[in-house]
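J.: Need coordinates for the following:
(chains A and B)
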Number of protein chains: 2
Amino acid sequence: MAHPRDTDLLDAPDDGVAMDETRGDVSSATDNFDEDNRFRPEFVRKVEDALEAGEDGEVHDLVEPLHPADIADLFELIDEDERPQLATAIAELMTAEVIAELNDHVRELLVEALSAGAAAQIAEQLDTDDAVAMLEDLDEVDQRAILAELDPEDRAPIETALSYPDESAGRLMSREFVAVPGHLTVGDLIDYLRDQRDISTDFYEVFVIDERMRPLGTCQLSWILRTPRTVKLEDVMKRDQTLIPVDLDQEEVGLRFQKYALISAAVIDNDGRLVGQITADDIAHVIAEEAGEDALLLSGAGEGDINEPIREAYSARVRWLIANLGTAVVASLIIAAFGAAIEKLVALAILMPIVASIGGNAGTQTMAVTVRAIATNQLTESNTQRILWREFRVAFLNGVTIAVLIGVAVALLFTPPLGGVIAAAMVINILIAGLAGVLVPVVFDRLDVDPAVASSVFVTMITDSMGFFAFLGLAVASGLVG
Amino acid sequence: MAHPRDTDLLDAPDDGVAMDETRGDVSSATDNFDEDNRFRPEFVRKVEDALEAGEDGEVHDLVEPLHPADIADLFELIDEDERPQLATAIAELMTAEVIAELNDHVRELLVEALSAGAAAQIAEQLDTDDAVAMLEDLDEVDQRAILAELDPEDRAPIETALSYPDESAGRLMSREFVAVPGHLTVGDLIDYLRDQRDISTDFYEVFVIDERMRPLGTCQLSWILRTPRTVKLEDVMKRDQTLIPVDLDQEEVGLRFQKYALISAAVIDNDGRLVGQITADDIAHVIAEEAGEDALLLSGAGEGDINEPIREAYSARVRWLIANLGTAVVASLIIAAFGAAIEKLVALAILMPIVASIGGNAGTQTMAVTVRAIATNQLTESNTQRILWREFRVAFLNGVTIAVLIGVAVALLFTPPLGGVIAAAMVINILIAGLAGVLVPVVFDRLDVDPAVASSVFVTMITDSMGFFAFLGLAVASGLVG
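T.: Numbers count the residues shown, from 1 in each chain, chains lettered A, B, ... in the order given. Below is the predicted model of the structure:
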């Protein structure tokens, strides 16, 4: 099947004959990108130089061949001060797609630099979901000013979308979709679609609805294309469908798209009526954002976007550091209680951070696993006990391994009794770390607090305090000190 | 537009009138799920009880109404020992979809419990990409045994797929797709598709290829449905398309789907010939996995799946703890160098963990932000310097805030000079943490080492050591101690 003919083109050739012949990289049309699809620094520099020289024509020529998503990326890579200038230089390339793809913070800055009228003109070009993304982070005064400049028919859907909770399906959904009654035939549908000139949104499924606009089933377009014209849609549609409530959190929406491998889904209001659709291409960045968020939240870095204004980054992070200052003080109080022992045996001061530090790491490992499992709905009430037992066994193995290593080293370098004390303290602290790493996030989840946000401070406090307490306490209790 | 008619159904009603009337939750067809779409523990217990009682009929009745993806989830929630029994009880419900949706570790266990012949029978039902997922993690002996049982025509595509690198596009892609020459008309294509009875894969775009099987453009099905029968595909196709090289890493594939909002993409071999397609519904779990991985990798929890066998979890995590033991020992050596000072002023031992701990947290924050920005291609050579300067400023603000808080407290509780020393040490350590948090991941990225895997150990070592060194060193240098 080397030369495909008109019919007979399904299934790729399985021979793989051509795998060895290399004929250059066909993946990148231009040389402006490296192998990871990132802009080469030389290209970015060329754009920046042209901007500085005020040569808008050259800037335009450089940017014109780029994909809108790449133009949006370019804004992030150049200096903040140069961004409005770039937008001006390539004004006619600043399409709705570019605006929609811009990083939130970059877009906010650009929009704030515009007059309300100019911003409204851009918002009018955008799909509702993208216009909402453009407006939702602005302060209320700016938002109202822009909304006031919009035509009422453009404004209404944006205002409705903004009335849904932040990060809900209602904010994400597109209000354009194809919904038809089930008694239509495949032929009717195709004729109807050919007549429609004003469908601006891409769609991958047609929703079949009843006379009250409630979804009855979905038809993938590929089924419609493969079905004779006379067949009714209700005979080809899939009845078992995943409906997304309009106020569902976007994280949950992303999980359902993953779990059920959805290509698009109907969004319904509280009355069960179809009000919008979400498509897999629009949800991909939400899935990535929600999954990637955990690493940032666990570290207390807040939103953690490198384009976030410094003041916001400072305010998010310093709160966390202050909370950690509190937990560090608790640990210090425990050390202070053993001040006399440390004065007598300075080795205790030298070794005590080891116990606390390894315990902290062990706790963080378990916590990261638990938080991820909760976020992906893998850890529920049904298996919590089993996971706790599993983590206890892992912690025991880890604890014994580390205890042997440090115990022997301390026995040789200091004294055997001190080696025994640090080994015992290590096992205790790693076991406590394992339990805390599961229990703290699970308890927060039960209390409806995001475990990724809240767990770290508590787990660290527990492992730090217990690390010092177990080590210093055992040292005193064993009669090692005076 | 309360009662939709046959034609005139695009755009949802914008009135939002029905938003207040609530008529129960329409999103979950059954009561077996909570509001987060997780199985209720009572349901899981019912299944477990029936399994223990050996009532396979009841198990079957409970499981039958479930979606395949939910059946797959159920396996994760019940005890490991009960999983083969569940598989037996619901044998006829164990469809290809269920197998494909199973957690990798759970599937591996189930497959290992089967004979090679039985496993081959399942593999034959699966799409190539799912069969690959089923076989790729087995040890080589088991894998060969199952492959040997397959029909040659089923075996060949699986073996070809397995010959691509782990986690590459070639492993993920489906080898079924629709590719046609551009001179076909819309009508020709629809007639051709209606004739085909053996298309088993869903598709959302048709690829237009040249006579050497190289992609020329793509047509979304919605465009085809809306275009008159006489129009040629080459006149409706989009020429600007994102092609995925067959050996591209899946993380990069996910990023391109996100960035370019793809619904499907052509996979090409080194010769530029179309060999497969990847669709947005199949890539969603990859995007989530790759983005969520950072939190686990940064904490040294390895793969971090709660279904991972204990031995593997232990081996991944203990290596990390041993590495951290090394860094903790370095910090201890620094403390040991100041042993005499600590003996004279035990307050130093009490306070020193605070400086190290806050520095560690500040470093982790910056590192998490940097690692995420690198993973999402937001941080490149072009803006590294700018981000470094940004993080330096955030660190300065954080450092001064924390220094004032701890400095005043120590001045009041201990002595003003000690307050000054700890404040100065805190500023220094948080600044160092900020720089290390950017530079360490950036350097690893330049060296082609995954920054999420390697950065933590180094950043922690730097902030711990510098925390103790700055605090104890300043205390001695300022003449505070003897």
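
J.: Please work out which residues outside stretch A:436-455 touch it.
T.: A:293-294, A:297-298, A:362-367, A:369-371, A:374-375, A:379, A:384, A:387-388, A:391, A:458-459, A:462-463, B:295 (Cβ atoms under 8 Å, 6 or more residues apart in numbering or on different chains). Glycine gets a C-beta too; all of them are placed from N, C-alpha and C.

J.: Alpha carbons only: can I get that stretch in CSV?
T.: Extracted as CSV, the C-alpha positions of stretch A:436-455 are listed here (Å, rounded to 0.1, in the frame of the first residue of the first chain):
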residue,chain,number,x,y,z
ALA,A,436,1.0,12.7,58.7
GLY,A,437,1.6,12.8,54.9
VAL,A,438,-1.6,10.8,54.4
LEU,A,439,-3.7,11.9,57.2
VAL,A,440,-3.2,15.7,57.0
PRO,A,441,-4.3,16.0,53.3
VAL,A,442,-7.2,13.5,53.8
VAL,A,443,-8.5,15.4,56.8
PHE,A,444,-8.3,18.7,54.8
ASP,A,445,-10.2,17.0,51.9
ARG,A,446,-12.9,15.9,54.2
LEU,A,447,-13.2,19.4,55.6
ASP,A,448,-13.5,20.7,52.0
VAL,A,449,-10.3,22.6,52.2
ASP,A,450,-7.9,22.1,49.2
PRO,A,451,-5.3,19.7,50.6
ALA,A,452,-2.6,21.1,48.2
VAL,A,453,-2.9,24.5,49.7
ALA,A,454,-3.1,23.7,53.4
SER,A,455,-1.2,20.4,54.0
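
J.: For stretch A:241-254, buried residues please.
T.: A:241-246, A:248-254 (16 or more other Cβ atoms under 10 Å in any protein chain shown).

J.: what would those residues look like in a markdown table with pLDDT, distance to chain B and secondary structure?
T.: Shown next, in a markdown table, are these (pLDDT from 0 to 100; distance: Cβ to the nearest Cβ, whole Å; DSSP: H, G, I helix; E, B strand; the rest coil):
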| residue | pLDDT | distance to chain B | secondary structure |
| --- | --- | --- | --- |
| A:241 | 88 | 10 | coil |
| A:242 | 92 | 8 | coil |
| A:243 | 94 | 6 | coil |
| A:244 | 96 | 7 | strand |
| A:245 | 96 | 5 | strand |
| A:246 | 96 | 8 | coil |
| A:248 | 95 | 7 | coil |
| A:249 | 94 | 9 | strand |
| A:250 | 94 | 13 | helix |
| A:251 | 92 | 9 | helix |
| A:252 | 93 | 6 | helix |
| A:253 | 95 | 10 | helix |
| A:254 | 94 | 7 | helix |
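
J.: Among the contacts of stretch A:436-455, which are located in helices?
T.: Secondary structure defined by DSSP state H assigns A:293-294, A:297-298, A:362-367, A:369-371, A:374-375, A:384, A:387-388, A:391, A:458-459, A:462-463, B:295 of the contacts of stretch A:436-455 to helices.

J.: If any of these are buried, give me the PyMOL selection for them.
T.: In PyMOL syntax, the buried subset of these is picked out as below (16+ other Cβ under 10 Å):
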select buried, (chain A and resi 293+294+297+298+362+363+364+365+366+367+369+370+371+374+375+384+387+388+391+458+459+462+463) or (chain B and resi 295)
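
J.: Name the nearest residue to the spatially most central residue of chain A, sequence neighbours excluded.
T.: By Cα atoms, centre = their mean, the mean C-alpha position of chain A lies nearest to residue A:289, the distance being 1.5 Å. Closest residue in space to residue A:289, ignoring its immediate chain neighbours: residue B:291 at 7.6 Å, by Cβ to Cβ, 6 or more residues apart in numbering or on different chains.

J.: Could you give the average pLDDT over the helix or strand hosting that neighbour?
T.: Element membership of residue B:291 [criterion: DSSP states H and E] is helix B:280-298. For helix B:280-298, mean pLDDT is 90.

J.: Any residue of the helix or strand following that helix touching chain A?
T.: Next helix or strand after helix B:280-298 toward the C-terminus (DSSP H and E): helix B:310-337. Yes - Helix B:310-337 lies within reach of chain A by Cβ under 8 Å from any Cβ of the partner chain, at B:310, B:313-314, B:317-318, B:320-322, B:324-325, B:327-329, B:331-332, B:335-336.

J.: Mark which of the residues you listed are buried, thanks.
T.: B:313-314, B:317-318, B:320-321, B:324-325, B:327-329, B:331-332, B:335-336.

J.: Report the two of the residues you listed separated the most.
T.: For those, the maximum inter-member distance is 33.8 Å, found between B:313 and B:336 (Cβ to Cβ).

J.: what helices or strands is the helix holding residue B:291 leaning on?
T.: Using 3 or more Cβ pairs under 8 Å, 6 or more residues apart in numbering or on different chains; DSSP states H and E, the elements in contact with helix B:280-298 are helix A:250-259, helix A:280-298, helix A:347-375, helix B:169-172, helix B:250-259, helix B:347-375, helix B:451-477.

J.: Let's see that with 6 Å instead.
T.: With contacts taken as 3 or more Cβ pairs under 6 Å, 6 or more residues apart in numbering or on different chains; DSSP states H and E, helix B:280-298 sits against helix A:250-259, helix A:280-298, helix A:347-375, helix B:250-259, helix B:451-477.

J.: what's in contact with the first one?
T.: In this case it means helix A:250-259. A:167, A:169, A:172, A:242, A:244, A:283, A:286-287, A:290, B:69, B:284-285, B:288 (Cβ atoms under 6 Å, 6 or more residues apart in numbering or on different chains).

J.: okay, the following helix or strand past it in CSV with CA atoms only?
T.: Next helix or strand after helix A:250-259 toward the C-terminus (DSSP H and E): strand A:264-268. The C-alpha trace of strand A:264-268 is given here as CSV (Å, rounded to 0.1, in the frame of the first residue of the first chain):
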residue,chain,number,x,y,z
SER,A,264,-17.0,17.6,23.7
ALA,A,265,-19.7,17.7,26.3
ALA,A,266,-23.1,19.4,26.8
VAL,A,267,-23.3,21.9,29.6
ILE,A,268,-26.7,22.1,31.3
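
J.: so what does strand A:264-268 touch, helix or strand wise?
T.: Under the contact criterion of 3+ Cβ pairs under 6 Å, 6+ apart, strand A:264-268 touches strand A:274-279.

J.: The strand it packs on packs against which elements?
T.: Packing partners of strand A:274-279 (3+ Cβ pairs under 6 Å, 6+ apart): strand A:264-268.

J.: any idea of the angle the strand it packs on forms with helix A:250-259?
T.: Strand A:264-268 runs at 140 degrees relative to helix A:250-259, counting by axes from the mean of the first three to the mean of the last three Cα atoms, to 10 degrees.

J.: Name every strand pairing with strand A:264-268 and say which way it goes.
T.: Sheet pairing of strand A:264-268 (DSSP bridges) gives strand A:244-245 (parallel), strand A:274-279 (antiparallel).

J.: could you check the angle helix B:451-477 makes with the helix holding residue B:291?
T.: Interaxial angle, helix B:280-298 versus helix B:451-477 (the same axes, to 10 degrees): 20 degrees.

J.: Off-centre distance for helix B:280-298?
T.: Between the centre of helix B:280-298 and the centre of its chain there are 1 Å (Cα atoms, centre = their mean, to the nearest Å).

J.: Check stretch A:343-354 too.
T.: Relative to the centre of its chain, stretch A:343-354 is centred 43 Å away, using Cα atoms, centre = their mean.

J.: residues touching residue A:214, list them.
T.: A:272-273.
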